[in-house]
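> coords please:
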Amino acid sequence: MVNPKEPYNLHWPMRRGCLNIHDGLGGSISAVLQDLEDIWSTVLSTRLDIARADLKASRQSVARLMKLEKCV
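I've put the predicted structure just below:
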């Protein structure tokens with residue numbers, strides 16, 4: 001567990017199977033998508049040895065394909 005007095009901002013991009021969009025820090029759609037991109041980029045490079053430069057799809061095309069929207 002992280003000490004609440006430490007200067008960290010812990011954010012979970014997914015909540016109950018939906019994008020965790022909210023009015024607080026890190027809750028915008030762009031922040032959540034950036035968090036997911038960072039997580040997947042790290043997994044692809046560290047676990048599967050796929051370099052980020054080798055990925056052909058851009059953020060915009062991936063978002064369009066997934067048709068991401070806020071869950072209610």
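> low-scoring stretches of this structure, by residue?
56-72 (pLDDT under 70).
> hang on, isn't Ala51 packed against Ser41?
No: Ala51 is not in contact with Ser41 according to CB atoms under 8 Å; the separation is 9.6 Å. Using the backbone N, CA and C atoms, a C-beta is placed for each residue, glycine as well.
> more neighbours, those two?
More crowded of Ala51 and Ser41, by other CB atoms under 10 Å: Ser41, with 14 against 9.
> I'd assumed that one was in a helix, is it?
Yes: counting by DSSP: H, G, I helix; E, B strand; the rest coil, Ser41 is found in a helix.
> any idea how far it is from Ala31?
16 Å (CB to CB, to the nearest Å).
> can you map out the helices along the protein?
29-47, 59-66 (DSSP state H).
> Distance to His22 for the ones you listed - can I get that in TSV?
Shown next, in TSV, are those (distance: least, CB to CB, whole Å):
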stretch	distance to His22
helix 29-47	9
helix 59-66	19
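> Cheers, nothing more for now.
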